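S.K.: Task: produce atomic coordinates for the following.
(one chain, ligands or ions: 1)
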Amino acid sequence: MNKLQPIRIALPTGLQVGTVNVYLFTDPEPVLVDAGIKSAESWEALQTGLAQHGLTVLDLSRIIITHAHIDHFGQAGTIVAHSDADVWISDLGAPWLLTLDERWARRAAYYRDHFLPATGLPAVTREMIIAGLKSMADQRDPIPAQRIHTFRKDGTLQMGGSPWQVLHTPGHASMQTCFYQPQTRQLLSADMLLAITPVPIVESPPEGSVERMPALPKFMQSLDMIESLDIDLVLPGHGRPFHHHHEVIRRQRERIYKRKDECQRWIESGLITPADLLEKMYAHRPIQFRFAGLWMLMGYLDLLEAEGAVERKTIKGVWHYVPRA
Ligand SMILES: [Zn+2]
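M.R.: Numbers count the residues shown, from 1 in each chain. Next up, the predicted model:
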């Protein structure tokens, strides 16, 4: 194994996404990028993966988190409790690790009181979505504040004896960072660039605002930025590493535009609320996973709105996306 290339350890999540990758640098000190979800299976798999390289959890000196989603950081607190390792996350992501309960409560309240009612979805579906998200929030161990450190969202990190550039890549998550090594042309892409299109998660509005940040338009901008990098190997947060990032990006853009056009045609045919569009465009998805479709759909609507193809009107508390002449 090339010393400069981190070792991928795939950990089970129990979620629809399958496994999540954590990446291990062994020299000059053992560093882990991301930590997996908190579960007995994940803990077992992490220990097995480390043992294959003659290491235990006790040897880890740093855990570097790409973004504060449960499948990427849930187990960091468990590692910290069993070792002297410290946790590093970007200045944007740190508040999520420090005050996660409050942040999740705030997001759940936004979904319950503002976002989901405005989609026009029936109450039973709305409750199912909130219950599903709540059950995920528990799959983590808390991390003591004194063990959390931050790096700048445009800074540099030393890993495997090389400097990696931190890249802020909002879209899937507003606080997500990727790490890029220009000499070896590797990108630790987190959930920014995967073989499949990452879902742009609907987040609660930033402090002091009532309007949610459009996630898919942000994702498209981050995709442009990643496309412009000179990359040989992409080390993604899920799935196998891959080359040819231009090809992967081209296919994703094509698919996003195709689905967006489809969405526009349904709107022109008279289906103008998110609930009606979801029913039409994601009927093939089991109801408990349809929230991922809802995040994608909101993304297509955000793109159409940004392009000026539709206008959003709130009628009796429900968003209606009206075609513009
Ligand atoms: Zn993920």
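S.K.: Every contact and neighbour count from this point should use C-alpha atoms.
M.R.: Noted.
S.K.: In contact with His149, which residues?
M.R.: By Cα atoms under 8 Å, 6 or more residues apart in numbering, the residues touching His149 are 86-89, 94.
S.K.: do that again at 6 Å, thanks
M.R.: Trp88 (Cα atoms under 6 Å, 6 or more residues apart in numbering).
S.K.: Distance check, it against His69.
M.R.: Using Cα to Cα, to the nearest Å, His149 is found at 17 Å from His69.
S.K.: Ignoring the adjacent residues along the chain, who's closest to Tyr110?
M.R.: The spatially closest residue to Tyr110, leaving aside those adjacent along the chain, is Ser204, at 5.9 Å (Cα to Cα, 6 or more residues apart in numbering).
S.K.: Could you pull out the helices in the chain for me?
M.R.: For the chain, the helices defined by DSSP state H occupy 40-51, 70-73, 76-81, 94-98, 100-110, 116-119, 123-137, 215-227, 245-268, 274-281, 290-307.
S.K.: what's near enough to touch Ile267?
M.R.: With contact taken as Cα under 6 Å, 6+ apart, Ile267 is in contact with no other residue.
S.K.: can you check Gly155 too?
M.R.: Contacts for Gly155 (Cα under 6 Å, 6+ apart) come out as Val166.
S.K.: Which secondary structure element of this structure has the lowest mean pLDDT?
M.R.: Of all helical and strand segments in the chain, the minimum by mean pLDDT, DSSP states H and E falls on helix 123-137, at a mean of 84.
S.K.: Tell me if I'm right that Val87 and Ile148 touch.
M.R.: Yes - if you go by Cα atoms under 6 Å, Val87 and Ile148 touch, sitting 4.9 Å apart.
S.K.: These two: which is more packed in?
M.R.: Neighbours per residue, other Cα atoms under 10 Å: of Val87 and Ile148, the larger number sits with Val87, 29 against 18.
S.K.: measure that one to Phe73 for me?
M.R.: 9 Å.
S.K.: looking at the helices of the chain, which is closest to Thr26?
M.R.: Evaluated with Cα to Cα, those place helix 40-51 nearest to Thr26, the distance being 9.7 Å.
S.K.: Determine the set of other helices and strands touching that closest one.
M.R.: When contacts are defined as 3 or more Cα pairs under 6 Å, 6 or more residues apart in numbering; DSSP states H and E, helix 40-51 sits against strand 7-15.
S.K.: what does the strand it packs on rub up against?
M.R.: Defining contact as Cα under 6 Å, 6+ apart, one finds that strand 7-15 is touched by 19-24, 37, 42, 45, 49.
S.K.: thinking again about what came up before, how about CSV for the helices of the chain, with distance to Gln186 added?
M.R.: Formatted as CSV, the helices of the chain follow (distance: least, Cα to Cα, whole Å):
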stretch, distance to Gln186
helix 40-51, 22
helix 70-73, 20
helix 76-81, 24
helix 94-98, 25
helix 100-110, 31
helix 116-119, 39
helix 123-137, 31
helix 215-227, 12
helix 245-268, 11
helix 274-281, 36
helix 290-307, 28
